[in-house]
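1. Just the structure for this:
(2 chains)
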Number of protein chains: 2
Amino acid sequence: MPAPIEFYFDFSSPYGYLASCRIDEIAAKHGRATVWRPILLGAILKITGAQPLTSVPLKGDYSKHDMARSARLMGIPFKFPSVFPIASQAPARATYWLSDSDPTKAKELSKAYYRAFFVDDVNISDPQNAVSVAVNLGLDKDAVAAAINDPRIKERLKNEVDSAIAKGVFASPFIIVDGEPFWGSDRLDQIERWLATGGW
Amino acid sequence: MPAPIEFYFDFSSPYGYLASCRIDEIAAKHGRATVWRPILLGAILKITGAQPLTSVPLKGDYSKHDMARSARLMGIPFKFPSVFPIASQAPARATYWLSDSDPTKAKELSKAYYRAFFVDDVNISDPQNAVSVAVNLGLDKDAVAAAINDPRIKERLKNEVDSAIAKGVFASPFIIVDGEPFWGSDRLDQIERWLATGGW
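-> From the prediction side, this is the model:
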């Protein structure tokens, strides 16, 4: 059994959202599993010295246009959030908390967070909203709320981000296939080809 | 006759080089002409506040890997230059000088500069090398050397860069199809589709 495809993403990342809508079907087509790992771009931008994409002069306007255009081409519903970018600690912590006991449900929760933020314009950085999205999936309200504030989960998330950085992850989405790194939702075609051919 | 496709690029840009190897055939397939406009990313980076791609921690290493990998996939010869990035005034000025009298030859010269830099590892920022590449295409040595130092051509290049920025160009390659902007050699597929369908 080959290693699962590693899918790194920030819940605040539009291109991460686009990739999240496709990565599992691409992997499945080639008999591969995926592991979803939320990261915090804020911590990574401190290392790369970059600004959030949409805050950069000229590039920011283009990016918003490109996100919507790419989403339309991919047939993915997308609405640029009214509050953006957001800190994504709350949904990331809830996801890691759940991932140990129920990885399948944790992936479902990640998808629900992305939909809430990029389709329904819910500010998922607000812990109350992060809890509500989880409750809608049948999770226990108090347990999720406690997880978001749990120092061990906070530490877990920090460690996950550090270990992503140690692997060279510097952006979202960032996808690693058998050690081969791919950055961006616009690399999904290359990933498909890599999976089909074993590389070039 | 529809307007030509505008292809903006910096001679120091690896992804600009990759796009330059494909943009004309893509345009021709859809009965379209192209106009090639060299720009100076250095001037633009002052506005966007970005660093040259390969100088960014983490991202720099990935980018070098991705450039070579994308070139292999596209079947384009590519060798990362031993001096990089470079200032690209000399080849850009020679190109604008030639473009008024002979746009076809100017495009040929641009291709020769890109090949010299990204295949043969010639540092085309050196005016002597920029002249030599032009001489190999049959251009007059003294005329090219004079053009590279001509204050009017220097001014012309500055104006071209300013007018590109005014159109929203912030990176290389940057391609405008009927007013629709596309950034990156990884948008060539979208450009093909835009040309085929008129947009989505």
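2. Local confidence estimate at residue A:130?
-> The confidence metric pLDDT takes the value 98 at residue A:130.
3. which residues touch the helix-or-strand element of chain A with minimal mean pLDDT?
-> Within chain A, confidence by mean pLDDT, DSSP states H and E is lowest for helix A:41-48 among all helices and strands, at a mean of 86. By C-beta atoms under 8 Å, 6 or more residues apart in numbering or on different chains, the list of residues contacting helix A:41-48 from outside reads A:10, A:12-13, A:51-52, A:85, A:87-88, A:161, A:164-165, A:169-172, B:56-59. (Glycine included, C-beta is placed from N, CA and C.)
4. Which element is encountered next along the chain beyond that helix?
-> The first helix or strand that comes after helix A:41-48 along the chain, using DSSP states H and E, is helix A:59-74.
5. With only the CA atoms kept, save the following helix or strand past that following helix in CSV.
-> Where DSSP H and E defines the elements, the next helix or strand beyond helix A:59-74 is helix A:89-101. Listed next in CSV are the C-alpha coordinates belonging to helix A:89-101 (Å, rounded to 0.1, in the frame of the first residue of the first chain):
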residue,chain,number,x,y,z
GLN,A,89,-6.9,28.4,14.7
ALA,A,90,-10.5,27.4,15.8
PRO,A,91,-11.4,25.2,12.8
ALA,A,92,-7.9,23.8,12.6
ARG,A,93,-7.9,22.8,16.3
ALA,A,94,-11.4,21.2,16.1
THR,A,95,-10.2,19.2,13.1
TYR,A,96,-7.0,17.9,14.8
TRP,A,97,-9.0,17.1,17.9
LEU,A,98,-11.4,14.9,15.8
SER,A,99,-8.8,13.4,13.5
ASP,A,100,-7.3,11.0,16.1
SER,A,101,-10.6,9.4,17.0
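6. Buried ones in helix A:89-101, by neighbour count?
-> By neighbour count on 16 or more other C-beta atoms under 10 Å in any protein chain shown, the buried set for helix A:89-101 is A:89, A:90, A:91, A:92, A:93, A:94, A:95, A:96, A:97, A:98, A:99.
7. elements contacting it?
-> In terms of contacts (3 or more C-beta pairs under 8 Å, 6 or more residues apart in numbering or on different chains; DSSP states H and E), helix A:89-101 is packed against strand A:34-38, helix A:103-118, helix A:127-136, helix A:141-149, helix A:151-166.
8. The last one to helix A:141-149, inter-axis angle?
-> Per axes from the mean of the first three to the mean of the last three C-alpha atoms, to 10 degrees, the angle that helix A:151-166 makes with helix A:141-149 is 50 degrees.
9. What of the first one?
-> Angle of strand A:34-38 versus helix A:141-149, following the same axes, to 10 degrees, is 70 degrees.
10. Return the list of strands paired to strand A:34-38, each annotated with direction.
-> Taking DSSP bridges as the criterion, strand A:34-38 sits next to strand A:5-9 (parallel) in its sheet.
11. can I get the CA coordinates of the partner strand in PDB?
-> Coordinates of each C-alpha in strand A:5-9 appear next as PDB, following Å, rounded to 0.1, in the frame of the first residue of the first chain:
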ATOM      1  CA  ILE A   5      -1.100  11.800  -0.400                       C
ATOM      2  CA  GLU A   6      -0.400  14.600   2.100                       C
ATOM      3  CA  PHE A   7      -2.800  17.600   1.600                       C
ATOM      4  CA  TYR A   8      -1.800  20.700   3.500                       C
ATOM      5  CA  PHE A   9      -4.100  23.700   3.600                       C
END
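12. My guess is residue A:105 contacts residue A:98. True?
-> Yes - checked against C-beta atoms under 8 Å, the pair residue A:105 and residue A:98 is within contact range at 5.9 Å.
13. quick revisit: just the buried residues of the contacts of helix A:41-48.
-> A:10, A:12-13, A:85, A:87-88, A:161, A:164-165, A:169-172, B:56, B:58-59.
14. Relative to residue B:191, which of these is nearest.
-> Distances from the buried ones among the contacts of helix A:41-48 to residue B:191 were compared by C-beta to C-beta; the smallest belongs to residue A:171, at 23.1 Å.
15. Helix or strand: which one has that closest one?
-> Residue A:171 is part of no helix or strand when elements are defined by DSSP H and E.
16. tell me the contacts of it?
-> For residue A:171, the contact set (C-beta under 8 Å, 6+ apart) comprises A:41, A:44, A:183, A:184, B:59.
17. so which of the helices and strands packed on helix A:89-101 gets nearest residue B:81?
-> Taking C-beta to C-beta as the criterion, residue B:81 comes closest to helix A:151-166 out of the helices and strands packed on helix A:89-101, the separation being 28.3 Å.
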